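Novice: No letters, just coordinates:
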């Protein structure tokens, strides 16, 4: 059975977001859950073991998953209703980094990721990263389990997360798949609980490839979904070319009748129709029309457990399905459960940058989450809103008399009363905040009234980036070339011309050469 490494284990099984009503049966899972992959299966998710008892356990787990799905279906429509003034934005990144330590040398990777909250990395080619190597972030690495694998997750899988989320991300242990690093994210991090998996699937010609790699992922998904009943998102390199194959399960009426399935049962509700009702495009575009065996297996995984490809469906990638590897194929994906898809506001494939990865484009996911239901103290929240208001003074000495007259005697009396009622022994921070706020208003209100102060509205936006400390060998020549690299890259992003593409390629090459030369010399 999967377990979580957590300092807050008491909250591991709580799910306020998808909590069953008091009369419903809670999903459970057989404590003896074991799945022996069927090594004879050549495609798809056929069987999870030859042992009949194991098959029974898988069936029970799948039934629990179906029960959990019932509770999710009715939540999707509610969860998709966003309120712009009460939402927060979470950004996630997926990248096959092709060797993390090498990319950290150039001083580009750690700068690039500052825009993201969660970063799912594959092929890190390491099992450990110095905690100070990436300022502002902590890292979780996939433990190495198989002796014949060079690293955990075959070639190394890791999840980086911002320091503000420390203690809120916990690895799920005792899972079957070596291809996924499963992590549970607590509600305190994003405002809702969820499961995120960083993925690396070996390509079909790899000596580490096995026919059952997708089977073990499916078994983990069913097990985890049954235990926690939370939205799930998988991000990474699947080495799967899926073309535009349909990843939604459609059950024909005749087939349903033959096997005794009631299509009116919420177990078999048409997820595709539900998402379309919410305005989410279910038609998937792709610039890569080719398919391979991994692609067929990924599609069968999606149909088998009701999880779906985000590429080509949402945001800036809608109707496009950009290439993600070597400008030749799409093998890096975000796949998500329906209730997670409803929280996605944007998906895009960023430029291929060989200072970030040798072959793979970053895939970027944005979540826009409604926080209006988050519990809060009404009084303190109001004070906080008042404190966040910004006023700009434009003093005019000719209006000084009008300013004095605009003061409210009643307001002054209220302040005196509040000050007289202060008890040092029982005063709290909240009461001090209220008093300070009222005193500020006493001076600002008459100033606004006579026109010598006006309220300004600062832009909502980017939080300050963590300053990345330069390496000792990173001299002025490196700094200047990096600035040139950023300038050329930004220009290419705007123009997308072949000329600017060639200029970026040349600038990248010269920057790498100087960095290596300088580091070697120092």
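Specialist: Yep, it's here. Every value quoted in this text rests on a predicted model; they were computed, and no experiment measured them.
Novice: pull the helix or strand with minimum mean pLDDT from this protein.
Specialist: Every helix and strand in the chain was compared by mean pLDDT, DSSP states H and E; the lowest is helix 378-388, with a mean of 44.
Novice: how about the helices in the stretch 51-200 of the chain?
Specialist: Secondary structure of the stretch 51-200 of the chain (DSSP state H, counting those that start in this stretch): helices at 52-79, 100-104, 109-112, 187-190.
Novice: And for the stretch 251-400 of the chain?
Specialist: Under the criterion DSSP H, counting those that start in this stretch, the stretch 251-400 of the chain contains helices at 253-259, 271-277, 293-305, 338-341, 378-388, 400-405.
Novice: which of the ones you listed has the lowest average pLDDT?
Specialist: Mean pLDDT is lowest for helix 378-388 among the helices of the stretch 251-400 of the chain, at a mean of 44.
Novice: three-state assignment of residue 236?
Specialist: Following DSSP: H, G, I helix; E, B strand; the rest coil, we place residue 236 in the strand state.
Novice: who touches the spatially closest residue to it that is not a sequence neighbour in this structure?
Specialist: Leaving aside its chain neighbours, residue 236 sits nearest to residue 199 (3.1 Å; criterion: C-beta to C-beta, 6 or more residues apart in numbering). Glycine gets a C-beta too; all of them are placed from N, C-alpha and C. By C-beta atoms under 8 Å, 6 or more residues apart in numbering, the contact list for residue 199 reads 120, 122, 157, 179-180, 217, 234-238.
Novice: Go through those residues and say which is closest to residue 427.
Specialist: Nearest to residue 427 out of the contacts of residue 199 is residue 120 (C-beta to C-beta; 47.0 Å).
Novice: right, and that closest one touches residue 198 too?
Specialist: Yes - between residue 120 and residue 198 there is a contact at 3.6 Å, judged by C-beta atoms under 8 Å.
Novice: joint contacts of the two?
Specialist: Common neighbours of residue 120 and residue 198 (criterion: C-beta under 8 Å, 6+ apart): 94, 158-159, 181, 235-236.
Novice: For the stretch 201-350 of the chain, just list every one of the strands.
Specialist: For the stretch 201-350 of the chain, the strands defined by DSSP state E, counting those that start in this stretch cover 232-237, 308-309, 332-336, 344-349.
Novice: Turn these into CSV, including distance to residue 244, mean neighbour count and mean pLDDT.
Specialist: Formatted as CSV, these follow (distance: least, C-beta to C-beta, whole Å; neighbours: other C-beta atoms under 10 Å; pLDDT from 0 to 100):
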stretch, distance to residue 244, mean neighbour count, mean pLDDT
strand 232-237, 20, 27, 97
strand 308-309, 10, 23, 96
strand 332-336, 13, 25, 97
strand 344-349, 16, 19, 94
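Novice: What is the neighbour count of residue 501?
Specialist: 16 (other C-beta atoms under 10 Å).
Novice: That one against residue 491, yeah?
Specialist: No - in this structure residue 501 lies outside contact range of residue 491 using C-beta under 8 Å: 10.4 Å.
Novice: Run through the bridge partners of the residue nearest to residue 236.
Specialist: Beta-bridge partners recorded for residue 199 (DSSP bridges): residue 180, residue 236.
Novice: Next: residue 333.
Specialist: Beta bridges link residue 333 to residue 236 when assigned by DSSP bridges.
Novice: what comes up buried for stretch 509-522?
Specialist: For stretch 509-522, burial by neighbour count (16 or more other C-beta atoms under 10 Å) applies to 511-512, 514-515, 518.
Novice: will you turn those residues into TSV that also has secondary structure, distance to residue 395 and pLDDT?
Specialist: Formatted as TSV, these follow (DSSP: H, G, I helix; E, B strand; the rest coil; distance: C-beta to C-beta, whole Å; pLDDT from 0 to 100):
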residue	secondary structure	distance to residue 395	pLDDT
511	helix	51	89
512	helix	55	88
514	helix	53	88
515	helix	52	87
518	helix	53	87
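Novice: Quick check: residue 96 touching residue 359?
Specialist: Yes - using C-beta under 8 Å, residue 96 makes contact with residue 359 at a distance of 7.3 Å.
Novice: which stretches of the stretch 301-450 of the chain have low pLDDT?
Specialist: 370-391 (pLDDT under 70).
Novice: hang on, the earlier thing: with distance to residue 352 added, can I get the contacts of residue 199 in a markdown table?
Specialist: What follows is the contacts of residue 199, written out as a markdown table (distance: C-beta to C-beta, whole Å):
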| residue | distance to residue 352 |
| --- | --- |
| 120 | 18 |
| 122 | 16 |
| 157 | 21 |
| 179 | 23 |
| 180 | 25 |
| 217 | 27 |
| 234 | 22 |
| 235 | 18 |
| 236 | 17 |
| 237 | 14 |
| 238 | 18 |
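Novice: got the end-to-end distance for stretch 311-322?
Specialist: In stretch 311-322, first residue to last residue: 8 Å (C-alpha to C-alpha, to the nearest Å).
Novice: so how far is it off the chain centroid?
Specialist: 17 Å (C-alpha atoms, centre = their mean, to the nearest Å).
Novice: What residues sit buried inside it?
Specialist: Using 16+ other C-beta under 10 Å as the test for burial, stretch 311-322 gives 311-314, 317-318, 320-322.
Novice: Residues contacting it, please?
Specialist: Outside stretch 311-322, the residues touching it (C-beta under 8 Å, 6+ apart) are 244, 280-288, 324, 330, 333-334, 341, 344-349, 361, 363, 366.
Novice: Let's see that with 7 Å instead.
Specialist: Here stretch 311-322 makes contact (C-beta atoms under 7 Å, 6 or more residues apart in numbering) with 281-282, 284-287, 330, 333-334, 344-349.
Novice: Disregarding residues adjacent in the polypeptide, which is nearest to residue 204?
Specialist: residue 293 (5.7 Å).
Novice: ok, so of the buried residues of stretch 311-322, who is nearest residue 224?
Specialist: Nearest to residue 224 among these, with distances taken as C-beta to C-beta, is residue 311, at 22.6 Å.
Novice: Torsion angles phi and psi at that closest one?
Specialist: Residue 311 adopts backbone torsions of phi -50, psi 140, taken as degrees, to the nearest 10.
Novice: How about residue 428?
Specialist: Backbone torsions for residue 428, taken as degrees, to the nearest 10, come to phi -110, psi 170.
Novice: Report how many residues lie close to it.
Specialist: Count around residue 428 with other C-beta under 10 Å applied: 9.
Novice: what separates it from residue 495, distance-wise?
Specialist: Distance, residue 428 to residue 495, using C-beta to C-beta, to the nearest Å: 57 Å.
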